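Trainee: this one's sequence-less:
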């Protein structure tokens, strides 16, 4: 088993290239996840604001 020395190039195996379709699919799933999280945060913020305003009027 040989080891490379600093400055000596190492051979690194590259993963298989992703197809454009794979990238589009992954991006769509990722954006859906982030959009869902942002929508939930917005909904909670609006709900909390409404609850505070309702409590102030009681």
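Mentor: That came in fine, so what should we check first? Since we're looking at a predicted model, the values are computed, not measured.

Trainee: CA atoms for contacts and neighbours, from now on please.
Mentor: Noted.

Trainee: quick one: residue 42 from residue 24, how far?
Mentor: Distance, residue 42 to residue 24, using Cα to Cα, to the nearest Å: 26 Å.

Trainee: and the helices in the protein?
Mentor: 20-57 (DSSP state H).

Trainee: flag the shaky bits of this structure, pLDDT-wise.
Mentor: 1-16, 57-58 (pLDDT under 70).

Trainee: mind doing that once more with 80?
Mentor: 1-18, 55-58 (pLDDT under 80).

Trainee: tally up the residues packed near residue 48, please.
Mentor: 12 (other Cα atoms under 10 Å).

Trainee: just the one 4 residues further on next, same as before
Mentor: By the criterion of other Cα under 10 Å, residue 52 has 11 neighbours.

Trainee: equivalent analysis for residue 28, please.
Mentor: Around residue 28 there are 11 residues (other Cα under 10 Å).
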